[in-house]
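Student: Output the structure for:
(one chain, ligands or ions: 1)
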Amino acid sequence: MIGGGATGAGVARDLALRGIEVLMLERGDFCAGASGGNHGMLHSGARYAVTDPVSARECAEEGRALRRLASFCIEDCGGMFVSLPQDDPGHTARFEKACRAAGVACQPLTVQEARAKEPGLAGDVVNAFAVEDASVDPFSLVMGNVESAREAGAKVLNYKVVQSFRVWRHRVEEVMFMDAITGEAERVKPEVVVNASGAWAGEVASLAGLRIAMSVDKGSMVVLDGRICNGLVNRLRPPSDGDIVVPNHSASILGTTSSPMARPGPVCTTREEVQSLVREASFVLPRASQARGVRAYSGIRPLLASTGRKASRGFQIIEHSSHGVENMISVIGGKLTTYRLMAERAGDAVCKVLGSSASCRTRSEPIVSDGHEDHLEGVLQIHRRRMLSKYGPTRAKVAEACARRPRGTELACSCEQVLQGELDHFASHPDVRALGDLTRRTRAGMGYCQGGLCALSLLSSLAQRTDQDPQRLLEDYLSERWKGLWPVLEGEQLRQEVMKRYLLTGTYHLRIREGAP
Ligand SMILES: Cc1cc2nc3c(=O)[nH]c(=O)nc-3n(C[C@H](O)[C@H](O)[C@H](O)COP(=O)(O)OP(=O)(O)OC[C@H]3O[C@@H](n4cnc5c(N)ncnc54)[C@H](O)[C@@H]3O)c2cc1C
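Tutor: A predicted model of the protein is given here:
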């Protein structure tokens, strides 16, 4: 298994639950690709009903299934589509019919009903429909799949870069990989290789001399402090830039843009993208233009052959036996919402190569078998609910670590209410090699101060358990935070950040790299 995003983690879990021996290799941290760079929208399918009905149906069915199977990390807040006077009434007319045809639940609302649900809506909303969108935490979903795969026996490793294959007699005989931090080289002889490397699937396939017809596309998002809506609010028009607002924890995520790329590479959000996303969102929810910008970030979509908004959001399982490599399968395209279905189909393809009749269990087995937080001992009630939603299968171990460790129940990140014991628990795990890994697992540093106040708590947790240079760890972390911060800075917030930056670079002599491309 190559790739540790939602698709790779989902395939690892699927195969491990079928009783198949699995080794999953991710070159960075889990969820560091598109799976951590999206809106966190559990699609009802409505967004694609008119333009991409196959994908709409898949989203509708999987969205319902995930509410049952991964409820711990889903906030079932519902959503709505609204149109403004300038939007095409023809699209509105097609929308309801297309939803019905694709099995997507869609309920017309009067403008008064819509405003009762979402008091922040603009005064000139013309049409509104309630849909079954929800907000999902992609980090918790992916880490939950990783832990569940491990519990079922999979070996799952991050910071392992797959570098080359040895192909012999139409089979990948060996996979050569390297530890991204120590440079140590290793190799493994696989029976089957699953390429779930998202936007990089073409590059990984080329290591076996294969070509995949796919395209990649950059999308950017802005995080605003506070929730400007109760549920998801979508603009009712053919998919275009700045259509979606997703409430997420204590923030709102505005998205997204679409810029085709020649090949996947490092991506940075521009100030122009931020301004355009805020402007578009404020047509529907005027408060978007007043809220404080917390961060901007971008991800790269792995898409089926055509580019940008025109590309289907469906997925494809490619069995490369028909291209001359018998034991390799690539999974491309799809959505976070459909990751489980993609993993199921990839699992079926692996079983076909292995001649195994083991059947899929992820359709019925939830990632967290009991959804109650009550038995989390040693932490206050207010932290229990949060721990369940963030940590799913490992919540009891994290709560125990907080109760057991000295200072474990002290607050380490006040924006995201993260306890010191949560940081210490994850810092002692071999998966965690950088401060950003702690942020992805605990949310410390994701709040409105962007690590300004808690970066030293993160560092003190990790520095005790690694021989890496602490100053370098801190500089890498603050540079990554700065990359997401500078595009949203304006006015008073800009002045505050200049002051913070002066303290870090002038007084503490830290080298924070510029975020601008
Ligand atoms: C801007 C944007 C917004 C989106 N919004 C939503 C949304 O709201 N809802 C939704 O359902 N979907 C959304 N999506 C789509 C969704 O995020 C992706 O379809 C999904 O996350 C893809 O997961 P993946 O595991 O296939 O790819 P990724 O998450 O990118 O994972 C691929 C992994 O492979 C690893 N890799 C690459 N090369 C190698 C190598 N040589 N060795 C080892 N590992 C390697 C990478 O490091 C990466 O972690 C959005 C996507 C974008 C970009």
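Student: Within the helices and strands, which one has the residue lying closest to L459 once chain neighbours are set aside?
Tutor: Leaving aside its sequence neighbours, L459 sits nearest to L474 (C-beta to C-beta, 6 or more residues apart in numbering; 5.3 Å). For the C-beta atoms, the positions are set from N, CA and C on the backbone; glycine is no exception. Following DSSP states H and E, one finds L474 within helix 470-485.
Student: ok, the residue nearest to L459 to the ligand distance?
Tutor: L474 is 23 Å from the ligand, where distance means C-beta to the nearest ligand atom, to the nearest Å.
Student: Quick check, that residue in contact with S457.
Tutor: No - contact between L474 and S457 fails when scored by C-beta atoms under 8 Å: they sit 11.5 Å apart.
Student: Show me where this protein dips below the pLDDT cut-off.
Tutor: 306-310, 370-375, 515-517 (pLDDT under 70).
Student: Check which helices and strands the helix holding L474 sits against.
Tutor: Applying 3 or more C-beta pairs under 8 Å, 6 or more residues apart in numbering; DSSP states H and E, we find helix 470-485 packed against strand 293-304, helix 435-442, helix 455-463.
Student: Pick the most deeply packed of the ones you listed.
Tutor: Compared across those, helix 435-442 shows the largest average neighbour count, a mean of 26 (mean count of other C-beta atoms under 10 Å).
Student: how many other residues sit next to E377?
Tutor: 11 (other C-beta atoms under 10 Å).
Student: before we move on, what about H170?
Tutor: H170 has 13 nearby residues by other C-beta under 10 Å.
Student: Let me know whether it touches H320 as I believe.
Tutor: No - counting by C-beta under 8 Å, H170 does not reach H320; the two are 9.5 Å apart.
Student: Give the residues shared as contacts by these two.
Tutor: E326 (C-beta atoms under 8 Å, 6 or more residues apart in numbering).
Student: Which residues of the stretch 51-200 of the chain lie near the ligand?
Tutor: Within reach of the ligand by C-beta under 6 Å from any ligand atom, the stretch 51-200 of the chain has these residues: 161-162, 196-200.
Student: For the ligand, state which of those is nearest.
Tutor: G198 (2.5 Å; C-beta to the nearest ligand atom).
Student: In this model I300 seems to touch that closest one, though I could be wrong.
Tutor: Yes - at 7.4 Å, G198 and I300 qualify as touching, with contact defined as C-beta under 8 Å.
Student: Common neighbours of those two, please.
Tutor: 33-34.
Student: if I pick the residue lying closest to T110 once chain neighbours are set aside, what's in contact with it?
Tutor: Excluding the flanking residues, the one nearest T110 by C-beta to C-beta, 6+ apart is A128, at 7.6 Å. Residues near A128 by C-beta under 8 Å, 6+ apart: 80-83, 108-111, 113-114, 121.
Student: One more pass at 6 Å, please.
Tutor: By C-beta atoms under 6 Å, 6 or more residues apart in numbering, the contact list for A128 reads 80, 82, 109, 114.
Student: For it, give its distance to the ligand.
Tutor: From A128 to the ligand the distance is 21 Å (C-beta to the nearest ligand atom).
Student: likewise V22?
Tutor: 15 Å.
Student: Next: R100.
Tutor: Distance from R100 to the ligand, by C-beta to the nearest ligand atom: 22 Å.
Student: Close to the ligand: what parts of the stretch 301-450 of the chain are there?
Tutor: 301-302, 334-337.
Student: which two in these are spaced the farthest apart?
Tutor: Checked with C-beta to C-beta, those reach their widest spread between P302 and T337, with 14.4 Å between them.
Student: Specify the beta-bridge partners of the closest residue in space to N195 that isn't next to it in sequence.
Tutor: Sequence neighbours aside, S330 is the residue nearest to N195 in space, at 4.2 Å (criterion: C-beta to C-beta, 6+ apart). In this structure, S330 bridges to N195, I318 when assessed by DSSP bridges.
Student: Next, the contact list for S330, please.
Tutor: For S330, the contact set (C-beta under 6 Å, 6+ apart) comprises 195, 201, 205, 212, 318.
Student: make it 8 Å
Tutor: Here S330 is in contact with 194-196, 201, 204-205, 210, 212, 317-318, 320 (C-beta under 8 Å, 6+ apart).
Student: From the ligand, how far out is it?
Tutor: Counting by C-beta to the nearest ligand atom, the gap from S330 to the ligand is 10 Å.
Student: now do A399
Tutor: Taking C-beta to the nearest ligand atom, one finds A399 at 28 Å from the ligand.
Student: residues near that residue, how many?
Tutor: Neighbours around A399, by other C-beta under 10 Å: 27.
Student: Distance from the chain centre to stretch 392-406, please.
Tutor: 24 Å (C-alpha atoms, centre = their mean, to the nearest Å).
Student: which residues does the closest residue to V125 other than its chain neighbours form a beta bridge with?
Tutor: Sequence neighbours aside, V82 is the residue nearest to V125 in space, at 4.8 Å (criterion: C-beta to C-beta, 6+ apart). Counting by DSSP bridges, V82 is bridged to A128, R235.
Student: Renumber starting at 201 from here on
Tutor: Will do, 201 is the new start, and the previous item becomes V282.
Student: How about the contacts made by V282?
Tutor: 314, 321, 325-329, 433-436, 484.
Student: how does it look with 7 Å?
Tutor: By C-beta atoms under 7 Å, 6 or more residues apart in numbering, the contact set of V282 is 314, 321, 325, 327-328, 433, 435-436, 484.
Student: Let me have the residues you listed in TSV, extended by distance to T456.
Tutor: Written out in TSV, the entries for those read as follows (distance: C-beta to C-beta, whole Å):
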residue	distance to T456
A314	23
L321	20
V325	21
N327	23
A328	22
V433	14
R435	12
L436	16
V484	15
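Student: which one of those residues sits closest to the ligand?
Tutor: Among those, and counting by C-beta to the nearest ligand atom, the member closest to the ligand is V433, at 13.4 Å.
Student: Am I right that the closest one is in a strand?
Tutor: Yes - the assignment for V433 by DSSP: H, G, I helix; E, B strand; the rest coil puts it in a strand.
Student: Test my guess that it contacts P486.
Tutor: No - here V433 does not reach P486: they are 11.8 Å apart, not a contact under C-beta atoms under 7 Å.
Student: between these two, who's got more neighbours?
Tutor: Counted by other C-beta under 10 Å, V433 and P486 do not tie: V433 has more neighbours, with 29 against 14.
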